[in-house]
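Engineer: when you get a sec, could you give me coordinates for this:
(one chain, ligands or ions: 2)
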Amino acid sequence: MGNAHAGTPSVSVIVPTYKEALNLPVLIERVEAVRDSGHLDLEMLIMDDDSRDGTEEAVASMNRDWVRLIVRTSDRGLSAAVLDGFRQARHEIFLVMDADLSHPPETIPEMLHRLCSGADFVLGSRYVKGGSTEEAWGFLRWINSKVATLLARPFTRLKDPMSGFFAFHRSLLDNAPPMNPVGYKIGLEVLVKCNCRNAVEIPIYFHQRFRGESKLSLREQLLYLEHLRRLAEYKYGDWARFMEFSFVGFSGTFVNLAVLTLLVWLGMPVRAAVAVAIFSAMFTNFLLNRQFTFSYARDRHWAGQLLGFVGASSLGALVNYIVTLSVLHYWPFTERFPQIAALFGIVAGLASNYLLSRYIVFKKPAPADYPASRERN
Ligand code: GDD
Ligand code: MN
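Structural biologist: Ligands and ions are numbered 1, 2, ... in the order given. The predicted model follows:
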């Protein structure tokens, strides 16, 4: 260390790894070439989840004093490893990249240059002009990546927010809220939570991984949906919650119809089947809302919440009915199109349902609910 030229920032390269022993020597050599030719004050942190595939031996045999191997035995996962890297990094700029040589180390100087000329977040991107992926990408992986990218649209205008190749000044984390390492899109997490104002993308050629195989399973992709949900709640607060509530309500329509169909097919009288279908939908709505929309209230007892939710839903139905009749009354022309009146009723019912659920059935515990503050009176 200490060989930095004036004006060149110091950089910590953070590399999450799991079973990448075959790639690490090549990665280290290529990063070293960049380090030497740019006279960079650069350290590399290999955040390994106890791979036991020869990673430790491979790094030790390279014997570079600017490379640190950190073997993690708890709190596994790509994002957790990267966050851990942020905590242990010593230098001014944090740069995250994969170990499998999909991300070209030769792009590092350009990323640093951008960070020193006004950008607060630099992303190595496959989807800007000049960027690309190796041909061997199958159609499935391609479409998968496109859909995932599209889903991130509400959070960022960047073209490749899925990329795991990014860099920023460490100070960006200073005022950031706690990071949540769910899923593997840690770049997106930083981008959204740090409120980046001047994020730039630079094109990269995304190579097929050099050796070994990909670690990203279907499970990780499902976690991505959970990640998006949390980012939505973070960024849009109660509006996101209302959207979730509406989605859940929408899903209830299908439950209702499916149960009705099944019961009638099984021979139950229609009137009874309709009633059971309605309660089934209420019940799945309750479960989904408790699990997702109002997950903060999950630690309280479910039975009371279920009763409250059924009550709120029934009241919602009443509001729906009253509003529909009122619209029909005050705007007589809707008599010819009762559907219009019904739409008003549905929206009013949904709103009342949401407000009752949010502020009464699943209300956030007030500070006074905590035993500690009871002692005051
Ligand atoms: N510490 C740790 N723990 N590292 C992990 C884990 C884990 O559980 N799982 C994966 N990694 C490391 C891998 O060793 C590799 O260095 C990097 O994270 C990316 O994993 P790959 O298995 O190579 O994933 P990929 O090629 O499918 O994903 C790449 O493309 C995505 C966009 O399509 C990565 O760049 C992702 O970051 C990127 O989002
Ligand atoms: Mn890879």
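Engineer: for Gln339, give its distance to Thr8.
Structural biologist: Separation of Gln339 from Thr8 (C-beta to C-beta, to the nearest Å): 67 Å. C-beta here means a position set from N, CA and C on the backbone, and glycine is covered the same way.
Engineer: neighbour-wise, which of those two wins?
Structural biologist: Between Gln339 and Thr8, Thr8 has the larger neighbour count (other C-beta atoms under 10 Å), namely 18 against 8.
Engineer: which ones are touching that one?
Structural biologist: 38-41, 112 (C-beta atoms under 8 Å, 6 or more residues apart in numbering).
Engineer: test my guess that Glu201 contacts Val128.
Structural biologist: Yes. Assessed by C-beta atoms under 8 Å, Glu201 is found in contact with Val128 at 4.8 Å.
Engineer: now the common contact residues for the two.
Structural biologist: 159-160.
Engineer: the more surrounded of those two?
Structural biologist: Using other C-beta under 10 Å, the more surrounded residue of Glu201 and Val128 is Glu201, with 24 against 17.
Engineer: so the residue of the stretch 251-377 of the chain found nearest ligand 2: helix, strand or coil?
Structural biologist: Nearest residue of the stretch 251-377 of the chain to ligand 2 (C-beta to the ion) works out as Phe292 at 30.2 Å. Following DSSP: H, G, I helix; E, B strand; the rest coil, Phe292 is assigned to helix.
Engineer: where does the closest residue to it other than its chain neighbours land on pLDDT?
Structural biologist: Nearest in space to Phe292, with sequence neighbours left out and distances taken as C-beta to C-beta, 6 or more residues apart in numbering, is Glu244 at 5.9 Å. Glu244 is assigned a predicted lDDT (pLDDT) of 94.
Engineer: can you tell me the helix or strand for Glu244?
Structural biologist: Assigned by DSSP states H and E, Glu244 belongs to helix 218-265.
Engineer: packing partners for that helix?
Structural biologist: helix 139-151, helix 186-193, helix 270-288, helix 338-356 (3 or more C-beta pairs under 8 Å, 6 or more residues apart in numbering; DSSP states H and E).
Engineer: at 7 Å instead, please
Structural biologist: Under the contact criterion of 3 or more C-beta pairs under 7 Å, 6 or more residues apart in numbering; DSSP states H and E, helix 218-265 touches helix 186-193, helix 270-288, helix 338-356.
Engineer: quick check: angle from it to helix 186-193?
Structural biologist: Interaxial angle of helix 218-265 relative to helix 186-193 (axes from the mean of the first three to the mean of the last three C-alpha atoms, to 10 degrees): 80 degrees.
Engineer: and helix 218-265, how far from the chain's centre?
Structural biologist: Relative to the centre of its chain, helix 218-265 is centred 15 Å away, using C-alpha atoms, centre = their mean, to the nearest Å.
Engineer: what's the burial count for Met47?
Structural biologist: Using other C-beta under 10 Å as the criterion, the residues surrounding Met47 number 25.
Engineer: tell me the contacts of it?
Structural biologist: 14-17, 70, 72, 81-82, 84-85 (C-beta atoms under 7 Å, 6 or more residues apart in numbering).
Engineer: how about those in JSON lines, adding neighbour count and distance to ligand 1?
Structural biologist: Putting the contacts of Met47 into JSON lines (neighbours: other C-beta atoms under 10 Å; distance: C-beta to the nearest ligand atom, whole Å) gives the following:
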{"residue": "Ile14", "neighbour count": "25", "distance to ligand 1": "10"}
{"residue": "Val15", "neighbour count": "27", "distance to ligand 1": "6"}
{"residue": "Pro16", "neighbour count": "28", "distance to ligand 1": "4"}
{"residue": "Thr17", "neighbour count": "28", "distance to ligand 1": "4"}
{"residue": "Ile70", "neighbour count": "14", "distance to ligand 1": "9"}
{"residue": "Arg72", "neighbour count": "18", "distance to ligand 1": "7"}
{"residue": "Ala81", "neighbour count": "26", "distance to ligand 1": "3"}
{"residue": "Val82", "neighbour count": "24", "distance to ligand 1": "8"}
{"residue": "Asp84", "neighbour count": "20", "distance to ligand 1": "9"}
{"residue": "Gly85", "neighbour count": "23", "distance to ligand 1": "9"}
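Engineer: relative to ligand 2, how far out is the residue in the chain that ligand 1 sits nearest to?
Structural biologist: Of all residues in the chain, the one sitting closest to ligand 1 is Gly164 (2.0 Å; C-beta to the nearest ligand atom). According to C-beta to the ion, to the nearest Å, Gly164 stands 8 Å off from ligand 2.
Engineer: quick check: chain neighbours aside, which residue is closest to the residue nearest the centre of the chain?
Structural biologist: Nearest to the mean C-alpha position of the chain, by C-alpha atoms, centre = their mean, lies His227 at 2.3 Å. Taking C-beta to C-beta, 6+ apart, and ignoring the residues beside it in sequence, His227 has Gly183 as its nearest neighbour in space, at 3.9 Å.
Engineer: need the pLDDT of Thr133.
Structural biologist: 84.
Engineer: kindly report the residues of the stretch 201-350 of the chain close to ligand 1.
Structural biologist: 209, 214-216 (C-beta under 6 Å from any ligand atom).
Engineer: list, out of the residues you listed, those positioned next to ligand 2.
Structural biologist: Contacts with ligand 2 are made by Arg209 out of these, judged by C-beta under 5 Å from the ion.
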